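**Q** Got a sequence here, can you build the structure:
(chains A, B, C and D)
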Protein chains: 4
Amino acid sequence: MDFEYDDVTKERLEALRAFMDEHVIPAEPVFRRELSELPDRFAWSTVPVLTKLRAAAQEAGLWNLFLPGDHGAGLTNLQYAPLAELTGRSLHLAPPALNCSAPDTGNMEVLSMFGSDEQKARWLEPLLRGEIRSSFAMTEPRVASSDATNVELSIRRDGDEYVINGRKWWITGALNPESRIFIVMGKTDPSADRHRQQSQVLVPRDTPGLTVLRPMQVFGYDDHSHGGHAELDFDNVRVPVANLIGGEGDGFAIAQARLGPGRIHHCMRLIGVAERAFEAMVTRSTQRIAFGKPLSDQGTVRDWIAESRLRIEQLRLLVLKTAWLMDTVGNKGAHAEIQAIKIATPKTVEWILDKAIQTHGAGGLSQDFFLAEAFAGTRALRFADGPDEVHINSLARGEIRRLGVAG
Amino acid sequence: MDFEYDDVTKERLEALRAFMDEHVIPAEPVFRRELSELPDRFAWSTVPVLTKLRAAAQEAGLWNLFLPGDHGAGLTNLQYAPLAELTGRSLHLAPPALNCSAPDTGNMEVLSMFGSDEQKARWLEPLLRGEIRSSFAMTEPRVASSDATNVELSIRRDGDEYVINGRKWWITGALNPESRIFIVMGKTDPSADRHRQQSQVLVPRDTPGLTVLRPMQVFGYDDHSHGGHAELDFDNVRVPVANLIGGEGDGFAIAQARLGPGRIHHCMRLIGVAERAFEAMVTRSTQRIAFGKPLSDQGTVRDWIAESRLRIEQLRLLVLKTAWLMDTVGNKGAHAEIQAIKIATPKTVEWILDKAIQTHGAGGLSQDFFLAEAFAGTRALRFADGPDEVHINSLARGEIRRLGVAG
Amino acid sequence: MDFEYDDVTKERLEALRAFMDEHVIPAEPVFRRELSELPDRFAWSTVPVLTKLRAAAQEAGLWNLFLPGDHGAGLTNLQYAPLAELTGRSLHLAPPALNCSAPDTGNMEVLSMFGSDEQKARWLEPLLRGEIRSSFAMTEPRVASSDATNVELSIRRDGDEYVINGRKWWITGALNPESRIFIVMGKTDPSADRHRQQSQVLVPRDTPGLTVLRPMQVFGYDDHSHGGHAELDFDNVRVPVANLIGGEGDGFAIAQARLGPGRIHHCMRLIGVAERAFEAMVTRSTQRIAFGKPLSDQGTVRDWIAESRLRIEQLRLLVLKTAWLMDTVGNKGAHAEIQAIKIATPKTVEWILDKAIQTHGAGGLSQDFFLAEAFAGTRALRFADGPDEVHINSLARGEIRRLGVAG
Amino acid sequence: MDFEYDDVTKERLEALRAFMDEHVIPAEPVFRRELSELPDRFAWSTVPVLTKLRAAAQEAGLWNLFLPGDHGAGLTNLQYAPLAELTGRSLHLAPPALNCSAPDTGNMEVLSMFGSDEQKARWLEPLLRGEIRSSFAMTEPRVASSDATNVELSIRRDGDEYVINGRKWWITGALNPESRIFIVMGKTDPSADRHRQQSQVLVPRDTPGLTVLRPMQVFGYDDHSHGGHAELDFDNVRVPVANLIGGEGDGFAIAQARLGPGRIHHCMRLIGVAERAFEAMVTRSTQRIAFGKPLSDQGTVRDWIAESRLRIEQLRLLVLKTAWLMDTVGNKGAHAEIQAIKIATPKTVEWILDKAIQTHGAGGLSQDFFLAEAFAGTRALRFADGPDEVHINSLARGEIRRLGVAG
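**A** The predicted model follows:
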């Protein structure tokens, strides 16, 4: 047992830290300004300063760090985790600068593992080069998406094509016109076994019948800085059968495969968010004077500081251990831990953000600080891949079973 | 001791309930649509359906219910409280429909109590008739506004005029061009005793030197549906000395006088918000099926329902008792209780809204339900009149003193 | 709506306050000493100082205050509630001094409502005079007692006698040899409708076949200061059929009838416990110096003080409203509120006791203060009449039904 | 970074697990019975079955595992931590069986590090062989012991002797007549620098003037199963100057030196307590039927199970990391983490015990299960080495300083 990062990690961390300080953090106000000047505010990936950052990241060797194997940087989950955390400190800028932002990461993983050679050439390659963006369309408005087998969107084979009908929402990034390709989950065979009814197909953005209906808001934010969350309509959308990923009925398994890494990434980035919020809380509380002394002299504020530190430390260790388990015993062996971090992380970081906001006064809720927007994004993650309650129930059932009794 | 509402309250409640059902609730979607079609989205008070509602409310005798004495409906705080709760069920529409929305209510109270005859004729009368709107400018960006003696805005006498210089923010309603008059708190004499340095003056909206700089956001909302929250700049703004409310140095006392009723109103309306959220939680949980049964069959959801009920009941009783105390022993005698409800209410209602959101899935965070916006508004109230922590500290000090020991 | 106690209440409160100050509080150390000198420590009701207190209470007209109607003081629940709260300040001494301690109160209520003339003469009369003590035997070790229909103890008719077999535990007061009569709940007809299988019979303490097996402990306390909690064995215990209370099959209904007042009494007394703990917390925190200033100057301690005040105020109002509902619409109409206070009270008071202990340092956990023992007793009430979770579930189901949907 | 235990740890864990299963767990009821039959119930270390266990442990090479270096098993903190956790599963039996129970462990560490050869020969040797027991007398009734510099007990030099006067309480183990030697902290020079006033001296149990006044209780428990917690009076107690540990004025530094390992040990054992409670919670909840289904089918109970798992996992990782830091950068470098686990552990384990109790019904509070006693012991640890609040404040101050601002 050893709690020290390995040399590869330390070296990359150092490089990334320098890159953050020199390039990313100074670019934040530039990004905001340039974004506000775009004709289509959802076309965030075309902001000039981001293009420059991406070039700089490639030059610095900080590119596709998330992707194991030959297509990417070849890091383990445990090696990538602290790097992902660091990018969380500039949540809307650092991940895309490094070509490591969701949902492109998950889509690249899926194409890398399950894509045909043709699919890889056509979609994976430009994604790896950061030339296009992509989306993943799974959640539906009419069913509880916590249960992936509930998806209702129909994918019906008709000769050499699939015909797609249905509705999706909360499709992150899809309002960005640069999001060229959507991986769409639906049902090819409603009569098959429960976990073999689903398939995933590639649907190019401009396919006739596919309509972007509206942006969904999260606490008033349309999240245009990372492409928004679209409601989509599929009305007799037709794609060639070659657009199927894997085989018919593989949809559920492919969805499961992307979950593990996806959660690790989300959780690590959130820890970066928490650290930045923590620093903001401490700094602000030492600077703001009320009733004759700095807020940091108040016992309540000290409670928040100590409790935040405690929670971050414990959370990070759990996420790192989960990454290590994924590397050593596989995603399946790390199943309980992956659930655990999914439950613990948003809740913990939300708590810290609330306290950081409170030390900033009403301004903490406004556009003048990153805190309120980070709160909204973190709160939303309590629904990602199903609400907390589903994972809590499942984790408990697993424990009951593990201790030798049916649950 | 008697927990039944008196006859006046019951009669007004019945009339208001009918008015809500017949007029206000059906007008909600109309208001949203008409508001979105306004050339200036902050000019909310000009929305046609609202004008109709106000006429109907006057006809129904549901007008200025908040105001005791001859100028208003003459209700006690205890009588008004359940009515205010009911208006909270349609938070952005019912209060203005009845001419009972903040900050106009507080401004009318102040003018009614401290205004000169001329001030009453010029500003109170049109406010009572609902012809104009108003704002109250106290909070400042550079100081902790939890301590009212901190205000820095300068009000300097120069002949027959006051010259005003400084900055304010979070000035609710001020982005609405219909907000014709601002009550502005500032310092007339920085060398006076700590609580005699402040004065309040009336500043008409179009006075030269007064600039509305920008809308503040709460999470991602600009709150244009009730006039937004402005940052204001005062640059050598000149008003006649007759615009002073009360005497020089009375500013702090006048500010205190508006706090008690203001908090009761806020708290009662929030309880209405909580009741509506509670009903939404219960209804949704009985309708949404996950894993083969309605959410309302899950133990966790039942916990939320029971706990919400418990918290609402206790909170309402405390607020009502506070109203009763204000009526019987005065605002000063009810000081501890007024602090108590200020602390307890936003926190409690925020908790209930969070659970209501959670039962709605990701949609609960979006524009499709009222919950996320209500959460944002409720969260912001944890800063109104100073952050919770100031009131907690003060309440504790009061208890320590009450029990006979210096605090 | 009126939050002032009526004149009867105020007058009795004044008398009781004087009695507490002059008699009860000074008797506390005497009681502890005399109790420790008893040959049988469970025979608490024979302690000399208690006998004196009881005489003084009768003289002061403070006797059987809990009992409505002719047999008792004739107070309403709402009138008795603040008196019960006051007795909670000396939880082990004041209630018995006034002949108002559980389980005698519930037993007197039951006999008063359902007892035959003979049963009243033989058992109710001496109980009303405070000459004997009694117990109520319902909870059983082998079944979840949250569901009263689960009781397994058998009451079989055999000629003119009932033959009783089974096991009970947590029978409060039963280790006291002065507890002369036990009301025993069991099954007379396991084949009847679910709520008509149970009956209640009177079993004198010295009936052959009835064995007191052992005292149950709560944490490390055997609660001998109020008669302990016994495990009892019934082995062919025979009583005449005239010992049946009401009719065969009435057991469940009789058990329900005693619940409402019982819970109000428990809750009010616990609020008295909370108030005393609160005062101890405040006093101690002003006296104890750490790191150069009194604990009461620490923000964390002030949080506890303010939060305790807030919680007590809200809780008391809810309990009083419940008492008022019982008086005006009956126990059935107050069903939801009775559940609500059962859930809210122990949890709230436990929290306050924990903070009071924390301000006292390690001594707060010891025999030197009343706090740890009060914590244990309060914690135990989270199981009384079934664990919290049962009542939470039931309250939620009621709300779901009330809002018009099946639950 | 590697989350796998090293080979030494794994091998010892296997041996210890076998020893627990074969020897310790079966001995638990024997220990309770034999303990209850002792003439002096505090003489717990003389219970026959414990003597057998100690012999077996020595034979199995499971002896003095806690002690690094030549005197003990030579394990690092990180290696010992999981072993200590395992002993926590049988908290009152396993640690003494392995000669690893507090306060002997801390006393042996102190003597091993700071003792003279004579002191080692006379006291350390028999302690290492498990022939005698010892106590550590630091906490005093009249001062806040959270600040070690507060101690008032006087150690005055008089010729070749020290004369000791003062009062101590909460001296664990001291009621056991086998506790032959007390390490006593007091003031040798009240005029020295704040951290140089204190010294530690060895006082044999039977020294004239030393009186064991009474056992302190924790929630009604006198904790005789591990020697109780004594209040001690020192009235002109005289010991030779050779009984001084280290030099005069070294007392504070020596006290600090024992804190780090002591806390790690406490925390790891508590995690063992938590794991056993967790298993009891799960097992009981699958076996207990209420309202037609096992408790483990209730959503609320599943919440407890999942949340307990989450908290234990995070806590263990933090404790292990702290152990690793102590091994790699020393106790001083691990200062913040040592504080962190001191704050987090008792609170977390207390929460889990509360839920485990709740799943056991009222029985969970009684002598029939280990849960209530474990709760009391865990609650008491929130005061050990000063109450939580002191450590929270200190941890926060450290963070404020670390982030570059004075605190």
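**Q** okay, which residue is most central for chain A?
**A** Closest residue to the average C-alpha location of chain A: residue A:102 at 4.3 Å, with Cα atoms, centre = their mean.
**Q** Surely that residue and residue A:265 touch.
**A** Yes. Under the criterion of Cβ atoms under 8 Å, residue A:102 is in contact with residue A:265, at a separation of 6.7 Å. C-beta: built from backbone N, CA, C; applies to glycine.
**Q** Count the residues that sit near residue A:4.
**A** When counting by other Cβ atoms under 10 Å in any protein chain shown, one arrives at 11 neighbours for residue A:4.
**Q** Could you report the distance from residue A:350 to residue A:388?
**A** Applying Cβ to Cβ, to the nearest Å, one obtains 11 Å for the distance of residue A:350 from residue A:388.
**Q** Find residues that contact each of the two.
**A** With Cβ atoms under 8 Å, 6 or more residues apart in numbering or on different chains applied, the overlap between the contact sets of residue A:350 and residue A:388 consists of residue A:382.
**Q** So which bits of the longest helix along chain A are buried?
**A** For chain A, the helix reaching the highest residue count under DSSP state H is reported as helix A:251-287. Within helix A:251-287, the residues that count as buried by 16 or more other Cβ atoms under 10 Å in any protein chain shown are A:251-252, A:254-255, A:257-278, A:280-286.
**Q** out of those, which touch chain D?
**A** Residues of the buried residues of helix A:251-287 in contact with chain D (Cβ under 8 Å from any Cβ of the partner chain): A:282, A:283, A:285, A:286.
**Q** How about residue A:104, nearest residue that isn't a chain neighbour?
**A** The shortest distance from residue A:104 to any residue other than its chain neighbours is 5.4 Å, reached at residue A:134 (Cβ to Cβ, 6 or more residues apart in numbering or on different chains).
**Q** and the one you found, that one's in a strand?
**A** Yes. The secondary structure assignment for residue A:134 places it in a strand, going by DSSP: H, G, I helix; E, B strand; the rest coil.
**Q** which residues does it contact?
**A** Shown in contact with residue A:134 (Cβ under 8 Å, 6+ apart): A:103, A:104, A:107, A:123, A:127, A:173, A:179, A:180, A:181, A:182, A:183.
**Q** picking up where we left off before, can you check what pLDDT the model gives the residue nearest to the centre of chain A?
**A** Residue A:102 is assigned 95 on the pLDDT scale.
**Q** May I have the secondary structure class of it?
**A** Here residue A:102 is coil, with the state taken from three-state DSSP.
**Q** Against residue A:81, how distant is it?
**A** Residue A:102 sits 15 Å away from residue A:81, going by Cβ to Cβ.
**Q** one step back: in contact with the residue nearest to the centre of chain A, which residues?
**A** For residue A:102, the contacting residues are A:95, A:172, A:262, A:265, A:266, by Cβ under 8 Å, 6+ apart.
**Q** Tell me which two in those are the farthest apart.
**A** Within these, two members stand farthest from each other by Cβ to Cβ: A:172 and A:265, at 13.5 Å.
**Q** close to chain B, is the helix or strand bottoming out on mean pLDDT in chain A?
**A** The least trusted helix or strand in chain A, going by mean pLDDT, DSSP states H and E, turns out to be strand A:289-290, with a mean of 86. Yes. Strand A:289-290 lies in contact with chain B when judged by Cβ under 8 Å from any Cβ; the contacting residues are A:289, A:290.
**Q** Off-centre distance for that strand?
**A** From the chain centre to the centre of strand A:289-290 is a distance of 38 Å (Cα atoms, centre = their mean, to the nearest Å).
**Q** Which other helices and strands does the helix or strand following it contact?
**A** Per DSSP states H and E, strand A:289-290 leads on to strand A:293-294 as the next helix or strand towards the C-terminus. Identification of packing neighbours for strand A:293-294 by 3 or more Cβ pairs under 8 Å, 6 or more residues apart in numbering or on different chains; DSSP states H and E yields helix A:251-287.
**Q** what about the helix it packs on, near chain C?
**A** No. On the criterion Cβ under 8 Å from any Cβ, helix A:251-287 is out of touch with chain C, staying 12.0 Å away.
**Q** averaged over its residues, what pLDDT does that helix have?
**A** Here the mean pLDDT over helix A:251-287 is 94, rounded to a whole number.
**Q** Next: stretch A:13-21.
**A** Averaging pLDDT residue by residue across stretch A:13-21 gives 98.
**Q** same thing with stretch A:182-198?
**A** In this model, stretch A:182-198 has a mean pLDDT of 96.
**Q** Give me the residues contacting it.
**A** The contact list for stretch A:182-198, computed with Cβ under 8 Å, 6+ apart, reads A:107, A:110, A:134-138, A:148-149, A:151-157, A:162, A:164, A:166, A:168, A:171, A:174, A:199-205, A:210, A:232, A:234, A:245, A:248-253, A:255.
**Q** Go again with 7 Å.
**A** Stretch A:182-198 is contacted from outside by A:107, A:110, A:134-138, A:149, A:151-155, A:164, A:166, A:174, A:199-203, A:205, A:245, A:248-249, A:251-252, A:255, using Cβ atoms under 7 Å, 6 or more residues apart in numbering or on different chains.
**Q** thought residue A:60 was touching residue A:15?
**A** Yes. Proximity of residue A:60 to residue A:15 meets the contact threshold set by Cβ atoms under 7 Å, at 6.1 Å.
**Q** And for residue A:142, the neighbour number?
**A** Should you count by other Cβ under 10 Å, residue A:142 turns out to have 10 residues around it.
**Q** I figured residue A:140 hits residue A:148, correct?
**A** No. Distance between residue A:140 and residue A:148: 10.6 Å, which falls outside the contact criterion (Cβ under 7 Å).
**Q** residues contacting the closest residue to chain C within the stretch 201-350 of chain A?
**A** For the stretch 201-350 of chain A, the residue closest to chain C is residue A:299, as judged by Cβ to the nearest Cβ, at 2.6 Å. Counting by Cβ under 7 Å, 6+ apart, residue A:299 makes contact with C:298, C:299, C:300, D:393.
**Q** host element of the last one?
**A** Using DSSP H and E, the element containing residue D:393 is helix D:388-402.
**Q** Do me a favour and average the pLDDT over that helix.
**A** The average of the pLDDT scores along helix D:388-402 is 94.
**Q** what's the angle from it to helix D:251-287?
**A** Put simply, helix D:388-402 runs at 110 degrees to helix D:251-287, going by axes from the mean of the first three to the mean of the last three Cα atoms, to 10 degrees.
**Q** does helix D:388-402 come close to chain A?
**A** Yes. Remark: helix D:388-402 sits within contact range of chain A at D:392, D:393, D:395, D:396, D:399, D:400, by Cβ under 7 Å from any Cβ of the partner chain.
**Q** Sort out which residues of that helix are buried, please.
**A** Of the residues in helix D:388-402, D:388-400 count as buried by neighbour count, 16+ other Cβ under 10 Å.
**Q** for the stretch 301-407 of chain A, which spans come out with low pLDDT?
**A** Scanning the stretch 301-407 of chain A with the threshold set as pLDDT under 70 gives A:405-407.
**Q** Would you mind naming what in it lies close to chain D?
**A** So the stretch 301-407 of chain A meets chain D at A:302-303, A:305-306, A:309-310, A:313-315, A:317-318, A:320-321, A:324, A:340, A:343-344, A:392-393, A:395-396, A:399-400, A:403, A:405, A:407 (Cβ under 7 Å from any Cβ).
**Q** Go again with 6 Å.
**A** The stretch 301-407 of chain A comes close to chain D at residues A:302-303, A:305-306, A:309-310, A:313-314, A:317-318, A:321, A:324, A:340, A:344, A:392-393, A:395-396, A:399-400, A:403, A:405, as judged by Cβ under 6 Å from any Cβ of the partner chain.
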